[in-house]
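The sequence isn't on hand, but the structure is:
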Ligand code: B12
Ligand code: SF4
């Protein structure tokens, strides 16, 4: 028996699974498990994204653990399957409190709670909330109402009404959080097992992204704590190829310098990819990254039109993008520039400018990655869709994939967006370049 079973649902199709979820461990669940263990609870994680037979694997895990709390994560794309997991939990562990968290549930909590299989939604960061919820379970079957009402950062059904408790402020000192409980994850099954998150939040507020609202202000971990986790990855897990999945790893150049110096001094001999921003790329920063083993830096450009970039509140210039390409390539790193087609302000002309800029960057040796701008719940793009002239045509949440156009803009139809994406894929294949794949 275990106190808690944490579930990562599978993806909506085997190819989506292979392309994404099979790649990296679900760090969010690793963090939740570590906090629960620290609080003295017993925990198991079942990652259905890498289970050969997800339904059977979940049934076995529920029967084996007979948990008091089942915690399920979800993004929009796999929400249907997260709900299916909730149904299985209700059927096979009827006494357990069924909790859903993650970006999708946090914003769509009313809709999630309209399903009776889910008792509670945890909104936003979950480490402290899940520990408190387990205590609420102790207070009575499926959590006594009074205990739930006093738990900050959740939404739940009070009788028939879905209600939200006051928000829980994000953890201010991330160094206090225990490192993800990777020993509870099937590490050998991941194609890219070496992911690490060294900060949360983002100082920017691009209109298509949830990071600044979902995770709040930029919160870095200290270099010492990051280096301790890097040593774990290198020496406990034997991993050399690492992925810094921060929204933006290089916000604070002094911190990057301290982390990179530590990697060199500890002779970790790792290779890693990370995310930066065009306005933050300097010769000195790239010099440190290279010395520490960085291979590839991902940089969001989104558009070849300066006007569109400004309307997206991206906070970069095209000159900075070109300069970032020169600096990274000059020092032997591969820059990967990510673009999105289908901004509300895009026109056929701005799309042309985007294609031209991508080709120019590739000709210099950069990698480019294209996706379709998608109005995910919680983003200003979704919240202000009507005012921005964006019409959403998705039939189901699983349609929310960034290779699948679910919306049209004032100037561009969904077929225009499809064509723009195919054109890029074709151009890259004709140039003999395999289309890149992003970190986020
Ligand atoms: C890294 C990343 C990836 C990596 C994932 C690598 C990995 N597995 O570690 C890769 C490249 C694979 C990826 C791919 C995609 N991603 Co992504 N990704 C991110 C990113 C930048 C960080 C996620 C992360 O690991 N956070 C760190 C951990 C600690 O946080 P967490 O998982 O959110 O968990 C915490 C809380 O959410 C909460 N919580 C989460 N689940 C639960 C469950 C319970 C029970 C509880 C109590 C709490 C809880 O507690 C956790 C600890 O605090 C986020 C942006 C963001 N800022 O969150 C986007 C993000 C999650 N991705 C997003 C998307 C859309 C995708 C793709 C679908 C893109 C696409 N091509 O269509 C694919 C889908 C792949 C997939 N199956 O997930 C969206 C999701 C939006 C939505 N509503 O669905 C986000 C939010 C980015 C955005 N658009 O703003 N992604
Ligand atoms: S797109 Fe990148 S820079 Fe913009 S808010 Fe999101 S994480 Fe920050």
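All right, it came through fine. The model shown is predicted, which means the values in this text are computed figures rather than measured ones. Residues are numbered from 1 along each chain as shown. Ligands and ions are numbered 1, 2, ... in the order given.

can we go C-alpha only for contacts and neighbour counts from here?
Noted.

Can you give me the first-to-last residue distance of stretch 35-42?
The stretch stretch 35-42 measures 11 Å between its terminal residues, going by Cα to Cα, to the nearest Å.

what about residue 218, how many neighbours?
For residue 218, the neighbour count with other Cα atoms under 10 Å is 17.

change the start of the numbering to 41 and stick with it
Happy to do that; since the first residue is 41 now, the last one works out to residue 258.

In contact with it, which residues are there?
239-243, 252 (Cα atoms under 8 Å, 6 or more residues apart in numbering).

Mind doing that once more with 7 Å?
Residues in contact with residue 258 (Cα atoms under 7 Å, 6 or more residues apart in numbering) are 240-243.

Looking at those residues, spot the one nearest ligand 2.
residue 242 (4.7 Å; Cα to the nearest ligand atom).

now stretch 285-305, how far from the chain's geometric center?
20 Å (Cα atoms, centre = their mean, to the nearest Å).

ugh, typo on my part, it should be stretch 146-165
With Cα atoms, centre = their mean, you get 19 Å for stretch 146-165.

Same question for stretch 258-276.
For stretch 258-276, the distance to the chain centre is 19 Å (Cα atoms, centre = their mean).

Tell me if it is near ligand 1.
No: Stretch 258-276 stays clear of ligand 1 (Cα under 6 Å from any ligand atom), getting no nearer than 10.4 Å.

and residue 126, that's in a helix?
Yes: with DSSP: H, G, I helix; E, B strand; the rest coil as the criterion, residue 126 is part of a helix.

Quick check, it in contact with residue 157.
Yes: counting by Cα atoms under 7 Å, residue 126 touches residue 157, with 5.7 Å between them.

neighbours of residue 284, just the number please.
Based on other Cα under 10 Å, the number of other residues close to residue 284 is 19.

which residues touch it?
So residue 284 contacts 235-237, 313-314 (Cα under 7 Å, 6+ apart).

rerun at 8 Å
235-238, 312-315.

For residue 72, which non-adjacent residue is closest in space?
Computed as Cα to Cα, 6 or more residues apart in numbering, the closest residue to residue 72 that is not its neighbour in sequence is residue 167, at 5.0 Å.

Run a quick neighbour tally on the one you found.
The burial count for residue 167: 22, using other Cα under 10 Å.

ok, now residue 235?
Residue 235 has 23 nearby residues by other Cα under 10 Å.

Identify the bridge partners of it.
residue 283 (DSSP bridges).

and it, how far is that from ligand 1?
Separation of residue 235 from ligand 1 (Cα to the nearest ligand atom, to the nearest Å) stands at 6 Å.

Mind pulling the model confidence for that residue?
Per-residue pLDDT puts residue 235 at 98.

is it true that it touches residue 285?
Yes: using Cα atoms under 8 Å, residue 235 makes contact with residue 285 at a distance of 6.5 Å.

export the contacts of residue 284 to CSV and tack on secondary structure?
Compiled in CSV, those are given as follows (three-state DSSP):
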residue, secondary structure
235, strand
236, strand
237, coil
238, coil
312, strand
313, strand
314, strand
315, strand
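
Out of the residues you listed, which is nearest to ligand 2?
residue 315 (8.6 Å).

List the beta-bridge partners for the closest one.
residue 338.

Please look at residue 98 and residue 86 and confirm they touch.
Yes: using Cα under 8 Å, residue 98 is in contact with residue 86, at 7.0 Å.
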